[in-house]
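Enquirer: any chance you could fold what I've pasted below:
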Amino acid sequence: MSEDFAGHNDRQPDQPGANDPQAAQSPLPPVEDDPDVGDSRRPLIRAARGGLIALAAVTVFSLALWGATRDLPGIYGALIGAAIGGGFLLMTIGVVLVTANSSPQVTLGAVLGSWLLKAALLLVVLIVIKDKTFYDNTALGVTIILVLVAMLGSEIMAITRTKLMYIPEK
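Expert: Here you go, the predicted structure:
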């Protein structure tokens, strides 16, 4: 019989799990070997890391694009747009991470409260810079959209690709 089709009963005495029936039944490594296996915050941490990488990439791209086409106002517009778009999403992940070990009601209240705070801050920032001419409006708007799309995409990928252990309740 080839090794590809060898079952748990075909183990030699010197192989791991040969004398332990529980280890012989499971094809998976022991849970104790992975310290993060029970950490429900791991997808959020990976999403934050992916979001930061996407934010950095889009910011560099926008700075180069708008700096070349619109000079200094384009650079300022790209920087403000990256700060607004990136700050909005990263603050949400931060709030969820901080409240991860609390009840769903507390997390929901914190997320909704932070959303209202972010909306108010965005309104204040946009009112303050509305009549200013030091930044380019197009660079600001396009950069915000690019940052939001790139960060959301990278965060979705990070969350959906993170493997977590799930033990159903009996």
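Enquirer: where is the longest helix in the chain?
Expert: The longest helix of the chain (DSSP state H) is helix 42-98.
Enquirer: who are the packing partners of that helix?
Expert: helix 104-129, helix 137-161 (3 or more CB pairs under 8 Å, 6 or more residues apart in numbering; DSSP states H and E). Placement of C-beta: from N, CA and C, glycine included.
Enquirer: quick one: which of those helices is nearest residue 94?
Expert: helix 104-129 (8.4 Å; CB to CB).
Enquirer: so where is the protein shaky, pLDDT-wise?
Expert: Within the chain, the stretches with pLDDT under 70 are 1-38, 165-166.
Enquirer: tell me the spacing between the residue nearest to the spatial centre of it and residue 98.
Expert: The centroid of the chain falls nearest to residue 47 when counting by CA atoms, centre = their mean (1.2 Å). As for residue 47, its distance to residue 98 is 14 Å (criterion: CB to CB, to the nearest Å).
Enquirer: how far away from the center of its chain is the longest helix of the chain?
Expert: How far helix 42-98 lies from its chain's middle: 13 Å, per CA atoms, centre = their mean, to the nearest Å.
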